[in-house]
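A.B. asks: please work out how this folds:
(4 chains)
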Protein chains: 2
Amino acid sequence: MMFGMSPRPAGAPPASGAGSRRKRSKGDLTSQAILDTAEQLLETKSLDEIAVDELTSGAGISRSTFYFHFESREAVLYALSERVAEGLYDSAALWLRRGSEPPAESIRRAISGTVALWRAHGPVLRAAVRARDTSEMVRGFWSEVARKFIESTAQQIEIERDAGVAVAGPPTARALATVLVSMNETMCYSLSLARKSAARDREMVETLTAVWLRAVYGVSR
Amino acid sequence: MMFGMSPRPAGAPPASGAGSRRKRSKGDLTSQAILDTAEQLLETKSLDEIAVDELTSGAGISRSTFYFHFESREAVLYALSERVAEGLYDSAALWLRRGSEPPAESIRRAISGTVALWRAHGPVLRAAVRARDTSEMVRGFWSEVARKFIESTAQQIEIERDAGVAVAGPPTARALATVLVSMNETMCYSLSLARKSAARDREMVETLTAVWLRAVYGVSR
DNA sequence: TTGCTCACTCGACACGGTGTCGAATAATTT
DNA sequence: AAATTATTCGACACCGTGTCGAGTGAGCAA
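C.D. replies: Coordinates of the predicted model:
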């Protein structure tokens, strides 16, 4: 009764092709308008403080029309998340394949990218993290994202361990990766809540980098 | 309009003395019943999935009577948190003053205590963490709890650094402490979501301990 | 042009939850 | 016993949700 929602938005237009810009059927336009309004409102309020009619009046349509485009408020968040998720994968890849540069550099670069992304899309990312506990749909999506992050981190740790550069387990590479990735997420969440400050951001990147380095390689400098 | 709530529960009985058991005015009893029902319901649902009449029918009273005892659902959670918070302080104190034992022992003991507490009161603690973003009252309470944890951890790190045992900053002792404490909270949160398993708990304690040790002291073994 | 269809929009409705009020009742004090 | 205070209740007004059936209009076929 409570979890019956199908992952596919109810009456949503079949796969609004992201690339094809010809023939923006009117429906696409209002879907976009709803999405934009939602992203803007999330800067102020949390998802469940946002009423459907705030979304629709912002988009210039009637409240009940909303349900033609989205199944629920969560579905809107899901769509919003997808926009942002691709950016996340990029910063994940950064740390995976590093050339000959020292680990400190590639880790710092990856973390820095993640922080930047949270700074850019904080409201949406926070709402998504929050909705993980509420919406099956959102949870599925983000646990997949997290899985990829953890997987590739664990893999990298194992490579470094085999090379004798990183300190051996226990903890398992996987357990260590889980903790480190979660730590990044938590700190980015709370950082994105604070007023924007380059100094604060830099300190956070440095702190997280230091913990990663020490946790994986044992020694910092 | 939205944030006008006073920190003091509306018509609540003046300071239901925790210790004095004589003269349990009838009101205290039903307040307790509401609290107990809430704690039990939180094992299944999140706070905002719990309707007021579920609380009151569980306590055998009428819905509107609820508002005589508590200002809102959040106020119930606040009261529930206070019950648990004291236990938290104990495990904080554990790591602060250690005798001559090696740091690994005291850190493991403190983390182990925290994990145990989350296992015992997971639902309430999760709801409280969650409500931090929603309720001013709950946020104030928990930021105070977090502050104490971070403060005492930072203090301890500085002591160890002055003694030349811990690796020097940067990161600041405070920044490092913030990250480590938050990490513990996050991992306990997600651990308490998983089915109870002694093995899993042990692994989590070991992993967190390892990260703390390496982050603070640089080398693990 | 007419007429058909299909994407899209709307207002009305039923439902369920919240918070408040004033009156009724139980407990305690004087 | 009377007065006061604590506690409970039902009724009410309000707000947000999700659904339904009835439009509306743009494009397309004949």
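A.B. asks: whichever strand or helix holds A:Glu206 and chain B in contact?
C.D. replies: Element membership of A:Glu206, judged by DSSP states H and E, is helix A:198-217. Yes. Against chain B, helix A:198-217 shows contacts by Cβ under 8 Å from any Cβ of the partner chain at A:Glu203, A:Met204, A:Glu206, A:Thr207, A:Leu208, A:Ala210, A:Val211, A:Arg214, A:Ala215. Quick note: C-beta positions are derived from backbone N, CA and C, even for glycine.
A.B. asks: which non-adjacent residue is nearest A:Gln40?
C.D. replies: A:Gly58 (7.4 Å; Cβ to Cβ, 6 or more residues apart in numbering or on different chains).
A.B. asks: that neighbour against A:Thr37, yeah?
C.D. replies: Yes. Contact criterion Cβ atoms under 8 Å: A:Gly58 and A:Thr37 qualify, at 3.4 Å.
A.B. asks: now the helix or strand A:Arg147 falls within against helix A:198-217, angle please.
C.D. replies: Assigned by DSSP H and E, A:Arg147 belongs to helix A:136-162. Relative orientation of helix A:136-162 and helix A:198-217, computed by axes from the mean of the first three to the mean of the last three Cα atoms, to 10 degrees: 60 degrees.
A.B. asks: helices or strands up against helix A:136-162?
C.D. replies: Counting by 3 or more Cβ pairs under 8 Å, 6 or more residues apart in numbering or on different chains; DSSP states H and E, the packing neighbours recorded for helix A:136-162 are helix A:73-96, helix A:103-131, helix A:173-191, helix A:198-217.
A.B. asks: flag whichever of those has the least confidence on average.
C.D. replies: Lowest mean pLDDT within the helices and strands packed on helix A:136-162: helix A:73-96, a mean of 84.
A.B. asks: pull up the residues of chain A that are close to DNA strand D.
C.D. replies: Chain A comes close to DNA strand D at residues A:Ala51, A:Val52, A:Asp53, A:Arg63, A:Ser64, A:Tyr67, A:Ser72, A:Arg73, as judged by Cβ under 7 Å from any atom of the strand.
A.B. asks: grab the nearest non-local neighbour of the second one.
C.D. replies: Just to be clear, that refers to A:Val52. Counting by Cβ to Cβ, 6+ apart, A:Val52 lies nearest to A:Phe66, which is 5.2 Å off, once chain neighbours are set aside.
A.B. asks: and the helices and strands packed on helix A:136-162 as CSV, adding distance to A:Lys45?
C.D. replies: Shown next, in CSV, are the helices and strands packed on helix A:136-162 (distance: least, Cβ to Cβ, whole Å):
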stretch, distance to A:Lys45
helix A:73-96, 12
helix A:103-131, 9
helix A:173-191, 17
helix A:198-217, 24
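A.B. asks: now tabulate those in JSON lines and tack on mean neighbour count.
C.D. replies: Output for the helices and strands packed on helix A:136-162, formatted as JSON lines (neighbours: other Cβ atoms under 10 Å in any protein chain shown):
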{"stretch": "helix A:73-96", "mean neighbour count": "18"}
{"stretch": "helix A:103-131", "mean neighbour count": "20"}
{"stretch": "helix A:173-191", "mean neighbour count": "21"}
{"stretch": "helix A:198-217", "mean neighbour count": "20"}
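A.B. asks: endpoint to endpoint, stretch A:52-70 covers what distance?
C.D. replies: 11 Å (Cα to Cα, to the nearest Å).
A.B. asks: okay, the helices and strands packed on helix A:136-162 in a markdown table with distance to DNA strand C next?
C.D. replies: Below are the helices and strands packed on helix A:136-162 laid out as a markdown table (distance: least, Cβ to the nearest atom of the strand, whole Å):
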| stretch | distance to DNA strand C |
| --- | --- |
| helix A:73-96 | 14 |
| helix A:103-131 | 19 |
| helix A:173-191 | 26 |
| helix A:198-217 | 35 |
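A.B. asks: which element, helix or strand, includes the residue lying farthest from the centre of chain A?
C.D. replies: Relative to the mean C-alpha coordinate of chain A, counting by Cα atoms, centre = their mean, the farthest residue is A:Gly164 (32.5 Å). Using DSSP H and E, A:Gly164 sits within no helix or strand.
A.B. asks: that one and A:Tyr217: what is the separation?
C.D. replies: In this view, A:Gly164 and A:Tyr217 are 11 Å apart by Cβ to Cβ, to the nearest Å.
A.B. asks: hang on, the earlier thing: and A:Gly58 and A:Thr37? which has more neighbours close in?
C.D. replies: A:Thr37 (19 against 16; other Cβ atoms under 10 Å in any protein chain shown).
A.B. asks: secondary structure element for that one?
C.D. replies: helix A:26-41.
A.B. asks: so which bits of that helix are buried?
C.D. replies: If you call a residue buried by 16 or more other Cβ atoms under 10 Å in any protein chain shown, then helix A:26-41 has these buried ones: A:Thr30, A:Ser31, A:Ala33, A:Ile34, A:Leu35, A:Thr37, A:Ala38, A:Glu39, A:Leu41.
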